[in-house]
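>>> need coordinates for the below:
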Amino acid sequence: MQTKKLRWGIISTAKIAREKLIPAIQQSEHCEVVAVSSRDASQAAAFASANNIARSYGDYHQLLADPDIDIVYNPLPNHLHVPWTIHALEAGKHVLCEKPIGLDVADTEKLIAAAKKYPHLRVMEAFMYRFHPQWATAKKMLEDGKIGHINSIEAVFTYFNRDPKNVRNMPGIGGGGLLDIGCYCISACRYLFDREPNNVVGKLAIDEDFQVDKHAHGLLDFGDAQASIYCSTQSEPVQRVYVSGEHGGLLIEYPFYQPDDCGATLRFYHDREEEVIEFEPTNHYTLQVDALARAIATNKPVPTPLSDALANMKVIEGLFTSAETGSWVNPKA
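Take a look at the predicted model:
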């Protein structure tokens with residue numbers, strides 16, 4: 001591991017940056033936050049002061065021009081993920097970009113093409129959940145055949161938000177539940193099956209006021225097994241992943257997001273008996289930035305590369321297409 005800390009610049013004063021990523025970086029032994037930027041200089045200055053950040057900028061390009069910054073965190077609204085990640089690469093910075101990496105497959109492919117011009121720089125999609133030890137344990141249990149052949153996976157992620165000023169309720173810029181949280185459900189199913197679905201079919205409910213999907217159902221065909229996903233921006237908050245196998249079942253509680261100071265739990269079911277595996281409260285955001293820092297320091301591929309982001313986006317786009325056409329879609333096509 002490098003002895004010199006990786007120096008981070010934060011593009012925007014987004015809530016997730018303030019509440020999650022900045023504290024996570026500040027807890028890391030290998031990283032530090034040195035600057036933040038906003039479109040409003042006074043807002044950036046106030047944010048920097050409140051979060052113990054040395055420098056602030058009233059323009060994103062000014063932050064990218066800072067020679068003391070090694071890596072940029074991009075938590076901008078979805079439609080700005082690709083353009084500002086490309087700007088960061090052009091400025092010689094590594095990038096951690098929030099999910100989803102882009103708006104659609106074409107957007108993601110544009111980023112991949114740009115990233116190929118800078119092979120010495122790393123770009124990673126911020127699926128922090130994969131770095132939590134509960135997921136490593138769940139993955140190993142499945143690989144070890146703990147539940148036998150996987151027959152089905154169910155992934156659910158919901159919350160309630162009808163704020164018209166929230167970007168998640170704005171059409172045209174990547175609003176809606178499928179891009180915001182459905183991407184977690186899809187990513188989790190692909191990760192646990194360790195392959196891509198052959199076909200997908202989706203059904204969306206569109207909010208009449210916001211014109212974005214408020215409920216999304218999807219069925220992913222993995223050949224000898226299926227996965228079902230449900231996400232909603234207008235439901236009681238729930239999240240779970242349940243894996244059903246021929247010899248047992250595995251329930252991943254709080255699979256994507258744990259409240260502060262809340263531990264995670266795996267529940268293994270076999271012969272009507274339950275085994276509970278508990279994990280201490282863990283900051284998977286810090287584990288995420290540390291994993292990225294290691295990849296940069298050792299010049300190794302990042303744990304969640306753009307190829308994985310593209311595969312996830314193909315499924316998302318397939319579900320959108322299926323909802324429009326009413327037919328199955330092959331995301332591999």
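
>>> following the helix or strand harbouring Ala46, which helix or strand comes up?
Ala46 belongs to helix 41-50 when assigned by DSSP states H and E. Going down the chain from helix 41-50, the next helix or strand is strand 55-57, by DSSP H and E.

>>> helix or strand right after that next one?
helix 60-64.

>>> just checking, what packs against that following helix?
strand 6-11, strand 31-37, helix 81-90 (3 or more CB pairs under 8 Å, 6 or more residues apart in numbering; DSSP states H and E). The way it works is simple: take the backbone N, C-alpha and C, and place the C-beta from them, glycine included.

>>> tell me which of those sits most buried.
strand 6-11 (a mean of 25; mean count of other CB atoms under 10 Å).

>>> run a quick neighbour tally on Ala14.
A count of nearby residues for Ala14, using other CB atoms under 10 Å, gives 19.

>>> how about Arg195?
Neighbour tally, Arg195, other CB under 10 Å: 11.

>>> ok, now which ones touch it?
When contacts are counted by CB atoms under 8 Å, 6 or more residues apart in numbering, Arg195 is found next to Phe222.

>>> secondary structure element holding it?
Using DSSP H and E, Arg195 sits within no helix or strand.

>>> in CSV, list the helices and strands packed on helix 60-64 along with distance to Phe268 and mean pLDDT.
Supplementary listing: the helices and strands packed on helix 60-64 in CSV, determined by distance: least, CB to CB, whole Å; pLDDT from 0 to 100:
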stretch, distance to Phe268, mean pLDDT
strand 6-11, 37, 98
strand 31-37, 35, 97
helix 81-90, 37, 98
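
>>> got TSV for those, with distance to Gly172 too?
TSV is the format used below for the helices and strands packed on helix 60-64 (distance: least, CB to CB, whole Å):
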stretch	distance to Gly172
strand 6-11	21
strand 31-37	24
helix 81-90	14
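
>>> so which of those is nearest Tyr73?
Among these, strand 6-11 comes nearest to Tyr73, with 5.1 Å by CB to CB.

>>> other SSEs contacting that closest one?
strand 31-37, helix 60-64, strand 71-74, helix 284-298.

>>> helices along the stretch 201-333 of the chain, start to end?
Taking DSSP state H, counting those that start in this stretch as the criterion, the stretch 201-333 of the chain contains helices spanning 284-298, 306-325.

>>> give me the residues contacting stretch 244-261.
Outside stretch 244-261, the residues that reach it (CB under 8 Å, 6+ apart) are 129, 132, 134-135, 138, 141-142, 146-155, 157, 181, 184, 188, 239-243, 262, 264-270, 281-282, 284.

>>> which among those residues count as buried?
129, 132, 134-135, 138, 141-142, 146-147, 150, 153-155, 157, 181, 184, 188, 239, 241-243, 264, 266, 268-269, 282, 284 (16 or more other CB atoms under 10 Å).

>>> any idea which of the helices and strands packed on helix 60-64 gets closest to Met124?
When these are ranked by proximity to Met124 (CB to CB), helix 81-90 comes first, at 10.3 Å.

>>> between the closest one and strand 6-11, how many degrees?
140 degrees (axes from the mean of the first three to the mean of the last three CA atoms, to 10 degrees).

>>> so for the helix or strand that helix 81-90 is followed by, what's the average pLDDT?
Using DSSP H and E, the helix or strand that directly follows helix 81-90 along the chain is strand 94-97. Averaged across strand 94-97, the pLDDT comes to 98.

>>> so where is the stretch 1-150 of the chain shaky, pLDDT-wise?
1-3 (pLDDT under 70).

>>> look up how far His247 lies from the residue located most distally from the centre of the chain.
Each residue of the chain has a distance to the centre, and by CA atoms, centre = their mean the biggest one is for Asp271: 34.7 Å. To His247, Asp271 is 9 Å away according to CB to CB, to the nearest Å.
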